[in-house]
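Student: the following comprises the amino acid sequence and a computationally predicted model.
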Amino acid sequence: MPAIRDRDPVTGEDAIVFEGTACIQYLAERFDKNGDWTGRTAAEKAAVMSWTEYQTAGIGCVGNALASNTFRGRHC
């Protein structure tokens, strides 16, 4: 299981995050100050969050391919 241990730059407290999607979201919120990866507008942020959750939930092409070990002729 993916996990991150970070230190809060303000309080010095440990920040421990586990699970792949949570780690991606944590890193994006912590380090993407310009919105290059997470989006700059509400619409961009909504799209990024929706597609990230869609893929990591196993609903999208990546999740389906991993679950079935093949694309079975489907195109993403």
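Tutor: It's in. If you're wondering where the values come from, they're calculated on a predicted model, not measured in any experiment. Residues are numbered from 1 along each chain as shown.
Student: any idea how far residue 47 is from residue 39?
Tutor: According to CB to CB, to the nearest Å, residue 39 stands 7 Å off from residue 47. The C-beta positions use only the backbone N, C-alpha and C, and glycine is treated the same way.
Student: buried residues, stretch 22-36. List them.
Tutor: 24, 25, 26, 28 (16 or more other CB atoms under 10 Å).
Student: SS state for the nearest residue to the third one once chain neighbours are set aside?
Tutor: To tie it back to what came earlier, the one meant is residue 26. Spatial nearest neighbour of residue 26, chain neighbours left out: residue 17 (4.5 Å); criterion: CB to CB, 6 or more residues apart in numbering. What DSSP: H, G, I helix; E, B strand; the rest coil gives for residue 17 is strand.
Student: ok, now which ones touch residue 17?
Tutor: Counting by CB atoms under 8 Å, 6 or more residues apart in numbering, residue 17 touches 3, 4, 6, 23, 26.
Student: residue 37 too?
Tutor: 28, 48.
Student: if we go to 7 Å?
Tutor: Shown in contact with residue 37 (CB atoms under 7 Å, 6 or more residues apart in numbering): residue 28.
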